[in-house]
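Undergrad: pasting the structure only:
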């Protein structure tokens with residue numbers, strides 16, 4: 001579970017930044033070069049590359065170099081860990097709200 005937790009920590013930390021989320025949103029449409037990804041952001045390329053390295057380190061993207069062009073692709077299977085965790089949390093909270101609803105309904109019926 002510790003390894004799973006470390007994975008999630010890195011992924012959620014990567015998703016916490018709006019620049020990195022925007023990069024992932026763009027890569028959701030397909031592969032893109034670093035220069036294409038950096039274009040919409042008002043920052044120096046070395047600063048932007050820190051975001052790319054962070055995303056790559058968290059396993060959310062892969063980069064491939066062909067000649068002088070480095071292309072990024074999203075790693076869709078990495079999001080499965082997030083989906084599994086969110087599904088577990090959703091199930092937990094739905095169960096709690098169902099029990100709360102039953103309690104309130106029963107309390108109202110007994111109060112009538």
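TA: Structure's in. What do you need? None of these values were measured; they are calculated from a predicted model.

Undergrad: Work out for me the element residue 81 sits within.
TA: Residue 81 is part of helix 79-111, with elements assigned from DSSP states H and E.

Undergrad: again with residue 48
TA: According to DSSP H and E, residue 48 maps onto helix 45-57.

Undergrad: Packing partners of that helix?
TA: helix 2-15, helix 18-27, helix 34-38, strand 61-66 (3 or more C-beta pairs under 8 Å, 6 or more residues apart in numbering; DSSP states H and E). Any C-beta I mention is one placed from the backbone N, CA and C, and that applies to glycine too.

Undergrad: at 10 Å what do you get?
TA: Applying 3 or more C-beta pairs under 10 Å, 6 or more residues apart in numbering; DSSP states H and E, we find helix 45-57 packed against helix 2-15, helix 18-27, helix 34-38, strand 61-66, strand 69-74.
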